[in-house]
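[1] give me a model of this one.
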Amino acid sequence: MFRRGVFRRSGIGTAALALAGACGLTAPATAMPSGFAFLEVPAGARASALGGAVVSSGSGVEAAFWNPAGLATIEGVEIGGSHDESFDHLRHDRFAVAGRQLGGGIALAVRALYTQPIEARDDLGNVTGTFGGHDLEFALGYGRTLTAGVRAGLSAEIVRERIADLSTGTWSLGAGIGYAPPSAPALTLGLAVDHLGPDAHYTFADGPGQPVPLPAGVQAGGTYAFGLGGAMGLAASLEARAARGRALVGMMGAELSHPSGAALRLGLRVNDSASSVSMGAGYGSRALHLDYAFVPYRLDLGDTHRVSFTARF
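    Have a look, this model is predicted:
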């Protein structure tokens, strides 16, 4: 979130830290934390249940938030959305619509982090009123198949943040690639870079504040699908993410699926100070998928229950 020296407006600064912590972005003490923390929260219940290890396996409309190369799999029209609440009624929503255009898949997406009114305090800790805040991202993504087994995609975003009567914004770019080796069809590999753009700045009464950098990052890994007895399947993912202002995070996810459309999921994040284990379930048909995830936090911020849907036409 934003900084002015050492948070000269203590009430707003406290709320900003709470919002960043609720997003699971407590950075190591030796690193300068990035702003726009909500961009690092796993988008969607399936991704959350898998610990965020979806850059190599995400496809369809949900790929708009992870790896735009996955948009290449879109055949008709898809819509998707999710909702969750956490610390002090902090709400996180996302919605995307995608369709087949220009030889590939195009998606428009929006996500928002917002909260109920927060107490504002002066330097002595006295309550002086309330204020609100929100973070918004508007994104456009495109992905297509380049050659057999190779997909690539690009994305562009506009990001905005507001706390009380102060606001700032910037833009960013991203790109991704997916590869399914012809010699190993059960294996998929993925790599994505995201949130590459200029720093934002808040403007105070006495001048501009410090730069608010985007959480520019790179994530890569692979997913391997195992065939089990009774037509059941198991997909295991192993990925890693490096982002500005954060330590390197390892992610592992496992998804057990049944021909009926039911799925069970388990995720693990390594070296993440905010969360570690996550779990969830899903059920769907060709036209509609419903997903749920349970994500406990380590930072006394409460646990989160996340729900999402995907519809195909």
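[2] got any ranges where the chain has weak pLDDT?
    In the predicted model, the chain carries pLDDT under 70 at residues 1-33, 87-89, 230, 299-302.
[3] any idea which residue is closest to the centre of it?
    Taking Cα atoms, centre = their mean, the centroid of the chain lies closest to residue 42, which sits 3.4 Å from it.
[4] contacting residues for it?
    48, 51, 52, 54, 295 (Cβ atoms under 8 Å, 6 or more residues apart in numbering). From N, CA and C alone the C-beta is placed, and that goes for glycine too.
[5] which parts of the stretch 101-250 of the chain are strands?
    Ranges of strands in the stretch 101-250 of the chain, per DSSP state E, counting those that start in this stretch, are 104-114, 118-121, 127-131, 133-147, 150-163, 166-179, 187-196, 200-204, 207-212, 217-227, 233-243, 249-257.
[6] correct me, but residue 247 touches residue 271?
    Yes: between residue 247 and residue 271 there is a contact under Cβ atoms under 8 Å: 5.4 Å.
[7] residue 52: what's it in contact with?
    42, 239, 241, 249, 251, 253, 267, 269.
[8] in a markdown table: the strands of the stretch 101-250 of the chain, plus distance to residue 308.
    Shown next, in a markdown table, are those (distance: least, Cβ to Cβ, whole Å):
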| stretch | distance to residue 308 |
| --- | --- |
| strand 104-114 | 12 |
| strand 118-121 | 26 |
| strand 127-131 | 30 |
| strand 133-147 | 17 |
| strand 150-163 | 19 |
| strand 166-179 | 20 |
| strand 187-196 | 20 |
| strand 200-204 | 28 |
| strand 207-212 | 29 |
| strand 217-227 | 19 |
| strand 233-243 | 18 |
| strand 249-257 | 15 |
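[9] mind putting these into CSV with mean neighbour count?
    Converted to CSV, the strands of the stretch 101-250 of the chain look like this (neighbours: other Cβ atoms under 10 Å):
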stretch, mean neighbour count
strand 104-114, 22
strand 118-121, 18
strand 127-131, 12
strand 133-147, 19
strand 150-163, 21
strand 166-179, 19
strand 187-196, 22
strand 200-204, 17
strand 207-212, 14
strand 217-227, 18
strand 233-243, 19
strand 249-257, 21
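[10] of the ones you listed, which is nearest residue 58?
    Of all those, strand 187-196 sits nearest to residue 58, with 7.7 Å by Cβ to Cβ.
[11] what lines up beside that closest one in the sheet?
    strand 166-179 (antiparallel), strand 217-227 (antiparallel) (DSSP bridges).
[12] mind listing what residue 188 touches?
    So residue 188 contacts 56, 57, 178, 179, 180, 222, 223 (Cβ under 8 Å, 6+ apart).
[13] the residue nearest to the centre of the chain in helix, strand or coil?
    coil (DSSP: H, G, I helix; E, B strand; the rest coil).
[14] and it, how far from residue 200?
    Distance of residue 42 to residue 200, computed by Cβ to Cβ, to the nearest Å: 23 Å.
[15] so residue 274 sits right up against residue 297, yeah?
    Yes: counting by Cβ under 8 Å, residue 297 is a contact partner of residue 274 at 5.9 Å.
[16] check contacts around the nearest residue to residue 46 once chain neighbours are set aside.
    Closest residue to residue 46 in three dimensions, ignoring its sequence neighbours and counting by Cβ to Cβ, 6 or more residues apart in numbering: residue 291, at 4.7 Å. Under the criterion of Cβ under 8 Å, 6+ apart, the neighbours of residue 291 are 44, 45, 46, 49, 280, 281, 282, 284, 307, 308, 309, 310.
[17] how far off centre is the host helix or strand of residue 291?
    Taking DSSP states H and E as the definition, residue 291 sits inside strand 288-295. On the basis of Cα atoms, centre = their mean, to the nearest Å, strand 288-295 sits 15 Å off its chain's mean C-alpha point.
[18] try stretch 156-166
    17 Å.
[19] contacts made by that stretch with the rest, please.
    1-2, 12, 15-16, 35-36, 39, 120, 131-141, 167-174, 195, 197, 200, 202-204, 212, 214.
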